[in-house]
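K.L.:
My questions concern the predicted model and sequence given below.
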Amino acid sequence: MPQFSLYEEEFHPSPWQRTWAAFRGSHIAIVGLILLGFFIIFSLFAPVVSPYNPAEQNIDALLIPPSWESSGSITHLFGTDPLGRDVFSRIIYGCRTTLGSGFLMVVLAMLIGVSIGTFAGMLRGVRSSIVNHLLDALMAIPTLLIAIIIVAILGTGLVNSMWAITLALIPQFVHRTRTFVRAEMKKEYIMASKLDGANRWQLFVHSILPNMTEMLVVQGTVALSIAVIDVSALGFLNLGAQSPLAELGAILGDGLDVAYLAPWNVALPGIAIFLLVLSINIVGDGLRSALRKRVSH
């Protein structure tokens, strides 16, 4: 027999459940999430999905048009490049390199930026003013320009471009974290923890960090979009990933030489970059809107 309950139990969703419910209410955000999911799946399972080795050259299959053109071939879905490499396979591996490196850069920049930003947010007096002015000066410089300057010093290559973009992203996390920590330090629950004898480390781990998670998720999506654009731009300028490594920006740059003969070598990687950045931005906007609705309710 079913157990009888005299009192009707109320269901109180967790903050993340309320955020997901608000996010799910936006159809555009769901479409962006599905599109981003496809890019993540392609990146994770690139060796399984791609029909060819992205660096494999075939002199008998130079500049074959995409399969939807009359002179195209189904064996090469997106056609081939001037060296006979399969464009579809190179774009899949390019998504893996671009999205994977962007994710690593954001995680590293977040760890360093949050640490510095938390320390800066707890400062007071002259030291706080100096840090504030330094951050304002760094935030005024575009991240791509900072990355280009650092790459010019360190040298070209994907690893050096990743370090450059990471260093360029750190000030954004420092600024957002510092602003958040300064606002939290004025709240009553922080004052209560101080009166209980909590030191700065305990305040950060037990009081500030749990409330910072949502801000970091939103800021992380914004930084991921910037990282993808910057690593693609450096690859396009031949300052980032070097051939034969497949990276979306580098693939786009290599296709410029044959843009009139084989426009698909430029159009297809460009569309891939556009859709990847668009999906990240849509998911980020959906998260910000969902968090705003959850807080207002």
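P.N.:
Received it, and whenever you're ready, just let me know what you need.
K.L.:
Which neighbouring elements make contact with the longest helix seen in the chain?
P.N.:
Longest helix in the chain by number of residues (criterion: DSSP state H): helix 87-121. In terms of contacts (3 or more Cβ pairs under 8 Å, 6 or more residues apart in numbering; DSSP states H and E), helix 87-121 is packed against helix 27-44, helix 46-49, helix 126-139, helix 158-184, helix 209-236, helix 248-254, helix 264-296. Every residue, glycine included, has its C-beta placed from N, CA and C.
K.L.:
which of those is buried the deepest?
P.N.:
Most buried of the helices and strands packed on helix 87-121, by mean neighbour count (mean count of other Cβ atoms under 10 Å): helix 248-254, with a mean of 27.
K.L.:
Tell me the gap between that one and the middle of its chain.
P.N.:
The chain centroid and the centroid of helix 248-254 are separated by 19 Å under Cα atoms, centre = their mean, to the nearest Å.
K.L.:
Check the gap between the nearest residue to residue 200 once chain neighbours are set aside and residue 114 for me.
P.N.:
Once flanking residues are discounted, residue 200 sits nearest to residue 122: 5.7 Å by Cβ to Cβ, 6 or more residues apart in numbering. Remark: distance between residue 122 and residue 114 (Cβ to Cβ, to the nearest Å) = 13 Å.
K.L.:
Between those two, which is the more surrounded one?
P.N.:
Between residue 122 and residue 114, counting by other Cβ atoms under 10 Å, residue 114 is the more crowded of the two (24 against 16).
K.L.:
what's near enough to touch the more buried one?
P.N.:
The neighbours of residue 114, taking Cβ atoms under 8 Å, 6 or more residues apart in numbering as the test, are 173, 177, 212, 216.
K.L.:
10 Å instead?
P.N.:
Going by Cβ atoms under 10 Å, 6 or more residues apart in numbering, residue 114 touches 170, 173-174, 176-178, 180-181, 204, 209, 212, 215-216, 219.
K.L.:
want to throw the residues you listed into JSON lines with distance to residue 19 and pLDDT?
P.N.:
Below are the contacts of residue 114 laid out as JSON lines (distance: Cβ to Cβ, whole Å; pLDDT from 0 to 100):
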{"residue": "170", "distance to residue 19": "27", "pLDDT": "87"}
{"residue": "173", "distance to residue 19": "21", "pLDDT": "88"}
{"residue": "174", "distance to residue 19": "25", "pLDDT": "85"}
{"residue": "176", "distance to residue 19": "19", "pLDDT": "86"}
{"residue": "177", "distance to residue 19": "20", "pLDDT": "86"}
{"residue": "178", "distance to residue 19": "24", "pLDDT": "85"}
{"residue": "180", "distance to residue 19": "17", "pLDDT": "84"}
{"residue": "181", "distance to residue 19": "22", "pLDDT": "83"}
{"residue": "204", "distance to residue 19": "23", "pLDDT": "75"}
{"residue": "209", "distance to residue 19": "18", "pLDDT": "78"}
{"residue": "212", "distance to residue 19": "15", "pLDDT": "81"}
{"residue": "215", "distance to residue 19": "12", "pLDDT": "82"}
{"residue": "216", "distance to residue 19": "14", "pLDDT": "85"}
{"residue": "219", "distance to residue 19": "15", "pLDDT": "87"}
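K.L.:
Which of the residues you listed sits closest to residue 234?
P.N.:
Distance to residue 234 across these (Cβ to Cβ) is lowest for residue 170, with 17.1 Å.
K.L.:
Next secondary structure after the lowest-mean-pLDDT helix or strand in the chain?
P.N.:
Sorting the helices and strands of the chain by mean pLDDT, DSSP states H and E puts helix 126-139 at the bottom, at a mean of 70. The element immediately downstream of helix 126-139 (helix or strand, assigned by DSSP states H and E) is helix 143-154.
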